[in-house]
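Peer 1: coordinates only, sequence not included:
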Ligand code: SUG
C-alpha cells in the first residue's frame, strides 16, 4: 500500500503583523513595528502550496486562528463593546493588543507534533497540539488548533487527538518544530527524533543563558508517551544551548530530516556523536545519510539569517529529493554556494527550489515553519477532510478569497480599528465553509 507524506500549510490570517513578540527570534525582534502586508503574505503561502501540489505532492491547508482574540482581551480586564476593548488595549497595553492580533498560527510546524500510524502501538496517526507556553501570543493558540486538526482529521478510526500538555514552562512544547522522523519509505516503521532545549525539572543540566529554550525534555517525553511510541523508535537529543543563544529558537532552524536523510549544522546538537550513533543504531541496517554542514562553510549566523535548515526536504513522486528553500538562501553567498554544491554530492537531495516567503521570513518563519507534515497511508489519506486538500480549484478559490478579504498593509495603529474585527470574522466565516470545517471559531459558537 502506498504511503505518502502530506504537508499541511498554515494559511496566513488576515491580521498578519509585525510586533516583535518573540524574544530569542531575531527576525521577529528586528522587524518589530514594520508595516506588514497580509494579502501578499497569504498569497506567498498559497503560491508555495500550489507549487508543491503541481510537483505531485499531497498538499493540505490548515485554517488560521480567530484574531483578534477578544475573549483573551476581556479576560485581561479590557471591557465594553469590541471597539472599546480595542481602544482601551491600544492605549493602555499596545503589546498585549498586538499579541491578541498575531497571525502566528500560520507557522503550523508549531501547531502540533504528529506521529504516523506505522510507529504507534495502536496503529493510529497521533496529534498533540503544542502548548506554546513560552510566548504569550502563541499560548492562546492550542485550543482552537486542536479543533481545526480534529475537523481536518476527523475519522476516529484512523486519527487520535490528544489535549495539549499542561500549560507550564516546565512542559514547554513547540510541536513538530522540534521533531523529525527518519524512515526508509513513509509506511515503514521509523525513528522519531525529539530535540529539546533544556530540562524542565533539572536545573543542573546545560541550558542557554541569553535566550529561552522553548522545548523541554519532559514535554518531548510526554508527547512520545501519548503517541504510544517506544524506546526503540525514539531518540531524545539536546539542542546545543550556544546556538539557541545565537537565535536558533527551534531545532528546525538548524536541522531537518526526511526519510533516510538528516541535514543539520555541525553545531546543532549538544552531543552530536552520541545522538547520531543512537539514531543509526535504532534506524537499523539500512542506508542513512547524515549531511552535516560545517561551520567553516556556513556560520550559524548565516544559517539563522538565510534559514538554510528551515527548508523542506521533499521526496518527489519519482523518488528524488528536493529542497524547498526561501529566496534568502539564494541571496546569501555562503549558503547559496553550499546548496549549489549539495545537489552534486551524491546524496538523495538533487534539486533546490527557491520560494519568496518574505512576509513570513520577516517574523522568523521559513518554508518549513509554514508546514505540518503528516505521513499517511492511502486509507488514511482518503479519510482526511477532502475540502482541506489543495487542488487547482481550491487554489483558485482561496486566492479569490484572499483578494476579496485581505488588506495589503497593516501597522500597529490599524489594530485599534474595529472594522478589522468585522472584516476578519467575515473572512474566517467564509473560510470555514470553503474548507468544510464547521464552527471551529469562538465567534461561531
Ligand atoms: O514562534 N514568530 C514565530 C515564528 C515561528 C517559526 N516556526 C518554526 N521555526 N517552526 C515564533 O517566534 C513573531 C510574531 C511577531 O513578532 O509579530 C512570531 O511569533
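Peer 2: Sure thing, it's come through. On a predicted model such as this, the values are computed, not experimentally measured, just so you know. Numbering: from 1, shown residues only.

Peer 1: what are the buried residues along stretch 337-354?
Peer 2: Within stretch 337-354, the residues that count as buried by 16 or more other Cβ atoms under 10 Å are 338, 339, 342, 348, 349, 352, 353, 354. Using the backbone N, CA and C atoms, a C-beta is placed for each residue, glycine as well.

Peer 1: may I ask which two of those residues are separated the most?
Peer 2: Farthest pair in the buried residues of stretch 337-354 (Cβ to Cβ) is 348 and 354. Separation: 19.4 Å.

Peer 1: ranges for the strands of the stretch 201-350 of the chain?
Peer 2: For the stretch 201-350 of the chain, the strands defined by DSSP state E, counting those that start in this stretch occupy 234-238, 255-258, 261-265, 289-293, 312-315, 321-326, 349-355.

Peer 1: next, the buried residues of stretch 217-234.
Peer 2: Buried residues in stretch 217-234 (16+ other Cβ under 10 Å): 217-224, 226-227, 229, 233-234.

Peer 1: ok, stretch 322-336 next?
Peer 2: 322, 323, 324, 325, 326, 328, 329, 330, 332, 334, 335, 336.

Peer 1: those into JSON lines, with extra columns for pLDDT?
Peer 2: What follows is the buried residues of stretch 322-336, written out as JSON lines (pLDDT from 0 to 100):
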{"residue": "322", "pLDDT": "98"}
{"residue": "323", "pLDDT": "98"}
{"residue": "324", "pLDDT": "98"}
{"residue": "325", "pLDDT": "98"}
{"residue": "326", "pLDDT": "98"}
{"residue": "328", "pLDDT": "98"}
{"residue": "329", "pLDDT": "98"}
{"residue": "330", "pLDDT": "98"}
{"residue": "332", "pLDDT": "98"}
{"residue": "334", "pLDDT": "98"}
{"residue": "335", "pLDDT": "98"}
{"residue": "336", "pLDDT": "98"}
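
Peer 1: of the residues you listed, which is the nearest to residue 52?
Peer 2: Among these, residue 324 lies closest to residue 52 (Cβ to Cβ), at 7.3 Å.

Peer 1: contacting residues for the closest one?
Peer 2: 48, 52, 311, 312, 313, 314, 353, 355, 367 (Cβ atoms under 8 Å, 6 or more residues apart in numbering).

Peer 1: closest to the ligand among the buried residues of stretch 322-336?
Peer 2: Set against the ligand, the nearest of the buried residues of stretch 322-336 by Cβ to the nearest ligand atom is residue 326 (12.0 Å).

Peer 1: which residues touch that closest one?
Peer 2: For residue 326, the contact set (Cβ under 8 Å, 6+ apart) comprises 306, 307, 310, 311, 354, 355, 356, 357, 358, 361, 366, 367.

Peer 1: do the same with residue 289
Peer 2: Counting by Cβ under 8 Å, 6+ apart, residue 289 touches 260, 261, 262, 347, 348.

Peer 1: now it. Nearest residue, chain neighbours left out?
Peer 2: Distances taken as Cβ to Cβ, 6 or more residues apart in numbering put residue 261 closest to residue 289, at 4.7 Å, once the chain neighbours are dropped.

Peer 1: these two touch, right, that neighbour and residue 342?
Peer 2: No. In this structure, residue 261 is not within contact of residue 342 by Cβ atoms under 8 Å, at 10.8 Å.

Peer 1: run a quick neighbour tally on residue 67.
Peer 2: Per other Cβ atoms under 10 Å, the neighbour tally for residue 67 reads 28.

Peer 1: secondary structure class of it, three-state.
Peer 2: Under DSSP: H, G, I helix; E, B strand; the rest coil, the three-state class of residue 67 is coil.

Peer 1: for stretch 25-39, how far is the first residue from the last?
Peer 2: In stretch 25-39, first residue to last residue: 23 Å (Cα to Cα, to the nearest Å).

Peer 1: run through the helices of the stretch 301-445 of the chain in chain order.
Peer 2: 327-331, 333-342, 358-361, 378-382, 392-405, 418-434 (DSSP state H, counting those that start in this stretch).

Peer 1: same thing with the stretch 101-250 of the chain?
Peer 2: Under DSSP H, counting those that start in this stretch, the stretch 101-250 of the chain gives helices at 136-139, 142-152, 217-226, 241-244.

Peer 1: what lies in contact with the third one?
Peer 2: Read it as helix 217-226. Applying Cβ under 8 Å, 6+ apart, the external contacts of helix 217-226 come out as 113, 126, 128, 131, 162, 165, 170-173, 178-179, 192, 194-196, 198-201, 234, 236, 238.

Peer 1: do the first one as well
Peer 2: Helix 136-139 is contacted from outside by 19, 21, 96, 98-100, 102, 104, 110, 131-133, 167, using Cβ under 8 Å, 6+ apart.

Peer 1: filter those residues down to the buried ones, PyMOL style.
Peer 2: Restricted to buried positions by 16+ other Cβ under 10 Å, the PyMOL selection for the contacts of helix 136-139 reads:
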select buried, resi 19+21+96+98+99+100+102+104+110+131+132+133
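
Peer 1: residues contacting the residue of the stretch 151-300 of the chain at minimum distance from the ligand?
Peer 2: Closest approach of the stretch 151-300 of the chain to the ligand (Cβ to the nearest ligand atom) occurs at residue 177, with a separation of 3.4 Å. By Cβ under 8 Å, 6+ apart, the contact set of residue 177 is 107, 109, 110, 215, 250, 251, 252, 369.

Peer 1: which non-adjacent residue is nearest it?
Peer 2: The shortest distance from residue 177 to any non-neighbouring residue, by Cβ to Cβ, 6+ apart, is to residue 250 (3.9 Å).

Peer 1: kindly report the same for residue 205.
Peer 2: Closest residue to residue 205 apart from its sequence neighbours, by Cβ to Cβ, 6+ apart: residue 199 at 4.3 Å.

Peer 1: and for the one you found, the neighbour number?
Peer 2: Residue neighbour count, defined by other Cβ under 10 Å, stands at 17 for residue 199.

Peer 1: so which of the buried residues of stretch 322-336 is the closest to residue 268?
Peer 2: The nearest one, if we look at the buried residues of stretch 322-336 relative to residue 268 and count by Cβ to Cβ, is residue 335, at 15.5 Å.

Peer 1: export the strands of the stretch 201-350 of the chain to TSV and tack on distance to the ligand?
Peer 2: As requested, the strands of the stretch 201-350 of the chain are exported to TSV (distance: least, Cβ to the nearest ligand atom, whole Å):
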stretch	distance to the ligand
strand 234-238	17
strand 255-258	10
strand 261-265	14
strand 289-293	18
strand 312-315	12
strand 321-326	12
strand 349-355	16
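
Peer 1: could you dump these into CSV with distance to residue 145 added?
Peer 2: Formatted as CSV, these follow (distance: least, Cβ to Cβ, whole Å):
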stretch, distance to residue 145
strand 234-238, 23
strand 255-258, 22
strand 261-265, 27
strand 289-293, 32
strand 312-315, 20
strand 321-326, 23
strand 349-355, 24
